[in-house]
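Visitor: Return atomic coordinates for the entry below.
(chains A, B, C and D)
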Number of protein chains: 2
Amino acid sequence: MIKDPDAAELAELFSAFSDASRLKIISALVEGEKNVSDIAQSAGLSESATSHHLRGLRQLKLVRGRKEGRQVFYSLLDDHVHELYRIGKEHILHG
Amino acid sequence: MIKDPDAAELAELFSAFSDASRLKIISALVEGEKNVSDIAQSAGLSESATSHHLRGLRQLKLVRGRKEGRQVFYSLLDDHVHELYRIGKEHILHG
DNA sequence: ATTATATATGAATGTATGTTCATGTATTGA
DNA sequence: TCAATACATGAACATACATTCATATATAAT
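Guide: Numbers count the residues shown, from 1 in each chain, chains lettered A, B, ... in the order given. Below is the predicted model:
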């Protein structure tokens, strides 16, 4: 059995994937590094909402931001992110 | 880019994993088929809360219930469930 | 210096969600 | 038939969460 603190941490991780907007952000980043406005546009979100979500993903260390001038380029930080996304997608497509 | 309906469905899937109680239920079921009270006890939840969660997991086709007398034995229904759980756990342990 | 652009942040608000408590239903045993 | 057990369900409540709007900060351009 999983221990309580691990369950809580794991729940936090999966919560990152539990929202359609964040999944669209992740999906956009699967294509490669992008700045915030491009992410927002790809995902069909306001820049504010996008920024809020990116903060959350950053805090969970699922994405990183690289500042270049006044833009910030985000990218996926961890292979597990890719893998969870891929398996989840596989599940809903032919599950 | 992921399409809107897929994003919604994927979010729904990951939402199942986004709660510590449900993760404990899933963790209990990784050990094998269990009836509701055993699941509740393993997970440290009330039977009512457990039942509510199991209904959600059932609707998402992540678990199945096999009725035997007045007990219902639940089990994980899909390999993807195992795999998502495993990768997530791997991530938080050595990520 | 002023203005414009890119991103971040905080407060506010509506909505979703988890748990509890009370009750319902089905099955078993006396 | 009556009581007991195992599970399910609905309503209610409290909390968490996503988005919007307004505003702030930082960098660049004029």
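Visitor: what about A:Leu93, neighbour count?
Guide: Neighbourhood size, A:Leu93 [other Cβ atoms under 10 Å in any protein chain shown]: 10. To be clear about C-beta, it is placed using only N, CA and C from the backbone, and glycine gets the same treatment.
Visitor: For it, give its distance to B:Leu76.
Guide: Distance, A:Leu93 to B:Leu76, using Cβ to Cβ, to the nearest Å: 20 Å.
Visitor: average pLDDT for the strand or helix carrying A:Arg55?
Guide: In the assignment (DSSP states H and E), A:Arg55 maps to helix A:47-59. In this model, helix A:47-59 has a mean pLDDT of 98.
Visitor: For A:Arg58, see how far away the residue lying closest to A:Ile92 once chain neighbours are set aside is.
Guide: Distances taken as Cβ to Cβ, 6 or more residues apart in numbering or on different chains place B:Glu9 nearest to A:Ile92, at 4.8 Å, with adjacent residues excluded. Plainly put, B:Glu9 is 26 Å away from A:Arg58 if you go by Cβ to Cβ.
Visitor: Between these two, which is the more surrounded one?
Guide: Legend: neighbour count by other Cβ under 10 Å for B:Glu9 and A:Arg58, higher for B:Glu9 (21 against 14).
Visitor: what separates that one from B:Arg22, distance-wise?
Guide: Distance, B:Glu9 to B:Arg22, using Cβ to Cβ: 18 Å.
Visitor: swap in A:Ala16?
Guide: 16 Å.
Visitor: Return the residues of chain A in contact with chain B.
Guide: Residues of chain A lying close to chain B by Cβ under 8 Å from any Cβ of the partner chain are A:1-2, A:4, A:6-11, A:13-15, A:17-24, A:27-28, A:31, A:42, A:44, A:61, A:78, A:80, A:83-84, A:87-93, A:95.
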